[in-house]
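>>> my questions concern the predicted model and sequence given below.
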Amino acid sequence: MNALSTQPPRSRVTLESLGFRGKRLVRPECVLATSSGDLYCADWRGGVAHLLSDGTQLLYTGKLADGTDLRPNGIALLPDGSFLLAQLGPDDGGVYRLTREGHVEPWLPSIAGQALPPTNFVVQDGESRTWVTVSTRLSPRALGYRRTCSDGFIVCVQANGRAAIAADGLGYANEVALHPSGRWLYVNETFARRLSRFSLHADGSLGARELVAEFGPGTFPDGLAFDEEGNAWVVSIVSNRLIRVAPDGGQTIWLEDADADHLAWVEAAFEQGQMGRPHLDGVRSQVLRNISSIAFSGADRRTAVLGCLLGEKLATLRLPVPGVAPTHWNYA
């Protein structure tokens, strides 16, 4: 596999061609799509926003046992219509289950007897396994916005509930996605600036980490999904880039919305080991508000929907090939 570190070609999609869905969303970081045309996204009003195909919006919320609101980052849709939420609290993490009626229960509060730190992402695969990522064990998490960060990890939860750390020592582990072949688990390592993969064994264990692609200045890989041709679509925070990574590691920037001076400021802080929350929360752009995830929607799964950290709606754009149908695609 040819892992490229050179800067890929410029954007192929104009900002004027973007569409939008949703309104008044609060930190819709992770977005899911289903065959019905509905969208679901994390929402920091305490749960999940549901965007129906007819334009109606619903909000499912719940509270933790101590009365505080949920702060979901990644979300997963379950067959019964409830959700798994990766809790990204200031100091607390874990995975919780939220029903549409507002009931909340711990689903994965700890691993090997240790409470999970603030938790980034959760996704289920077609083998009834659940994959969970923790970006860093450092507190506050902003201390992990460094090249030196190497304490992120991936948890595999089997169908019987048995959970174990499947990979450790990652450079700010973010979203994971199963390759269409089922042979590989891919992961974005945000502040190591790379897309990596692991061979996936039948028992859910992972092989050694392999480098797929390295990213250059301005790219901080976050969201991840595959199309039916085996391309990985990587979403970069800060630069608002959507990058197609070919099976051989070659990169094409499909979309970008960034201010050059702002990127230079962020890059200087990153190179000096001083990057922090202001560099993520003060993004300067024309339209996009710190995009962070991608889902393929529409009957042909060729409409990409982009989650974001700072916006109140979800950007959409047409892509040349359909995305792989996620496990939840036909859930009610």
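Yes, it's here.
>>> now stretch 50-62: how far from the chain's centre is it?
Mean-position distance between stretch 50-62 and its chain equals 20 Å (C-alpha atoms, centre = their mean, to the nearest Å).
>>> please identify the buried residues of it?
Residues 50, 51, 60, 62 are the ones in stretch 50-62 that count as buried (16 or more other C-beta atoms under 10 Å). No exception for glycine: its C-beta is placed from N, CA and C like everyone else's.
>>> and what of stretch 322-329?
Of the residues in stretch 322-329, those buried (16+ other C-beta under 10 Å) are 322, 323, 324, 325, 326, 327, 328, 329.
>>> setting aside sequence neighbours, what's the nearest residue to residue 97?
The spatial neighbour of residue 97 that comes closest, neighbours along the chain excluded (C-beta to C-beta, 6 or more residues apart in numbering), is residue 107 at 4.5 Å.
>>> ok, now which ones touch that neighbour?
Taking C-beta atoms under 8 Å, 6 or more residues apart in numbering as the contact definition, residue 107 lies against 84, 94, 95, 96, 97.
>>> between these, which is nearest residue 145?
Closest approach between those and residue 145, by C-beta to C-beta: residue 94, at 22.2 Å.
>>> just give me the closest of the buried residues of stretch 50-62 to residue 190.
The closest of the buried residues of stretch 50-62, once distances to residue 190 are taken by C-beta to C-beta, is residue 51, at 26.4 Å.
>>> okay, stretch 144-162 in CSV with CA atoms only?
Extracted in CSV, the C-alpha atoms of stretch 144-162 (Å, rounded to 0.1, in the frame of the first residue of the first chain):
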residue,chain,number,x,y,z
GLY,A,144,-3.8,15.1,23.2
TYR,A,145,-3.7,17.7,20.4
ARG,A,146,0.0,16.8,19.8
ARG,A,147,2.0,14.7,17.5
THR,A,148,3.4,13.0,20.6
CYS,A,149,-0.1,11.7,21.6
SER,A,150,0.0,7.9,21.5
ASP,A,151,-2.4,6.7,24.1
GLY,A,152,-5.7,6.3,22.1
PHE,A,153,-7.3,2.9,21.9
ILE,A,154,-10.0,0.8,20.2
VAL,A,155,-12.4,-1.4,22.2
CYS,A,156,-14.2,-4.4,20.6
VAL,A,157,-17.4,-5.5,22.3
GLN,A,158,-18.5,-9.0,21.2
ALA,A,159,-22.2,-9.9,20.7
ASN,A,160,-22.1,-11.7,24.1
GLY,A,161,-21.0,-8.4,25.8
ARG,A,162,-17.4,-9.4,26.4
